[in-house]
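sharing a model that was predicted from the sequence below.
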Amino acid sequence: MGNYQLVMIDAVNTFNMKVLIPLMIGAGFGLIAFSHVLSWILKKFKDQTLALLTGFILGSLAILWPWKNSFDIDGNVITINRFGAFIDSQGNVIHDIKVYGYRQILPESFDSVVLVATGLILLGIISMWIVEKFAERKNEKET
């Protein structure tokens, strides 16, 4: 907990297996255990669990929205360049900055990023629709 610098930057960049192997083992066990717990909860409380998961997804949309402006405590807009560095309104790289919040905006132009994002949204909707149709057919065959 809190060792993001060690794990995600140092260990991954240097392929430090003494850190990565226990991380992968723990992640694997955690994923298996969580899937069993989630399966049990879905069997016992299907509607409530789906409502909770839907709420989590809808609640995360604001932070996942790709078009947003970051701002600092004084309300100054901070942008991120293509290298992932924070830059101020004059284009200078800011090293020590704390992002205070975000303001969601609409895309300024219809470019390739908007087209890819829209395509991925549609792909997600279509794939979920297909999965639901297969599940309905499977349930019809079992009954």
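Structure's in. What do you need?

surely Asn69 is within a strand?
Yes: the assignment for Asn69 (DSSP: H, G, I helix; E, B strand; the rest coil) places it in a strand.

please report how far the residue nearest to the spatial centre of the chain lies from Ser112.
The chain has Leu64 as the residue nearest its centroid, 6.3 Å off, counting by C-alpha atoms, centre = their mean. Per C-beta to C-beta, to the nearest Å, Leu64 is found 19 Å from Ser112. For glycine as for every other residue, the C-beta is placed from the backbone atoms N, C-alpha and C.

go on, Gly28?
Here Gly28 is placed at a distance of 36 Å from Ser112 (C-beta to C-beta).

what do you get for Phe71?
26 Å.

what does Asn92 give?
28 Å.

next: Glu136.
From Glu136 across to Ser112, the span is 36 Å (C-beta to C-beta).

quick one: which of the two has more around it?
Neighbour count, other C-beta atoms under 10 Å: between Glu136 and Ser112, Glu136 has more, with 10 against 7.
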